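1. how would this look folded up:
(one chain, ligands or ions: 2)
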Amino acid sequence: MIRQKIVLRFPPHIVEQPTIYHLIKDFDLMVNILRADINPKKEGRLIMELSGDDTAYKQAIEWMKGQGLEVMNLEQQIIWRDDRCTHCGACTVICPTEALYFERPDMIVKFAEDKCIVCELCLRACPARAMETLVENANFG
Ligand code: SF4
Ligand code: SF4
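-> Ligands and ions are numbered 1, 2, ... in the order given. As a prediction, the model looks like this:
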């Protein structure tokens, strides 16, 4: 059993294909869509969590790559630069999943990567530029 968050990029020519349908029907995976930026006729991006049988999951990843989708590993997307963080807390207010939070009693900001859904709100909210994204460089491993 595997549970993995991934990012899919759809080229314009396949953005309207029923990819989710195939993941469920052909690979028996559970699909939890966390974020979707899809415009018909334009490139789309989908962030989701897949869970199911390990072998079926790997086959599904290969199938998606074969269809021309770019598949990336979500954990590689958002980087918290603790050397830049001033622990001002601005990101903890805006983070929708509490991936960025104050740790008590010291009230130091921490980053729980497993809760991050790569909404990128913290990138704009952080005055110290302590949050970075590696979306362009991440490859599925
Ligand atoms: S907004 Fe930036 S500097 Fe402030 S606590 Fe969050 S990561 Fe640190
Ligand atoms: S990208 Fe979104 S979910 Fe992830 S830490 Fe930043 S605000 Fe939270």
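2. How about the residues of the chain by ligand 1?
-> 85-91, 100, 109, 125-126, 128, 130-131 (CB under 6 Å from any ligand atom). Quick note: C-beta positions are derived from backbone N, CA and C, even for glycine.
3. I'd like to know which of these are part of helices.
-> Ala90, Cys91, Ala125 (DSSP state H).
4. So which of those residues is the closest to ligand 2?
-> Cys91 (6.2 Å; CB to the nearest ligand atom).
5. Does the closest one touch Val109 like I think?
-> Yes - counting by CB atoms under 8 Å, Val109 is a contact partner of Cys91 at 7.1 Å.
6. now the ones in helices among the residues of the chain next to ligand 1 as a markdown table including distance to Tyr57?
-> Formatted as a markdown table, these follow (distance: CB to CB, whole Å):
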| residue | distance to Tyr57 |
| --- | --- |
| Ala90 | 37 |
| Cys91 | 32 |
| Ala125 | 34 |
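7. which of those has the most neighbours?
-> Cys91 (25 neighbours; other CB atoms under 10 Å).
8. Leaving aside the residues adjacent along the chain, what's closest to the spatially most central residue of the chain?
-> By CA atoms, centre = their mean, the chain has its centre lying nearest to Leu74, at 3.9 Å. The shortest distance from Leu74 to any non-neighbouring residue, by CB to CB, 6 or more residues apart in numbering, is to Lys5 (3.7 Å).
9. Wait, a strand at that neighbour?
-> Yes - per DSSP: H, G, I helix; E, B strand; the rest coil, Lys5 lies within a strand segment.
10. who's in contact with it?
-> Lys5 makes contact with Leu34, Ile47, Met48, Glu49, Leu50, Leu74, Glu75, Ile117, according to CB atoms under 8 Å, 6 or more residues apart in numbering.
11. Also Glu98?
-> Thr92, Ala112, Lys115.
12. give me the number of residues near the nearest residue to the last one once chain neighbours are set aside?
-> Counting by CB to CB, 6+ apart, Lys115 lies nearest to Ala99, which is 3.8 Å off, once chain neighbours are set aside. Summarising burial for Ala99: neighbours were counted as other CB under 10 Å, giving 21.
13. Retrieve the pLDDT associated with Ala99.
-> At Ala99, the model reports a pLDDT of 95.
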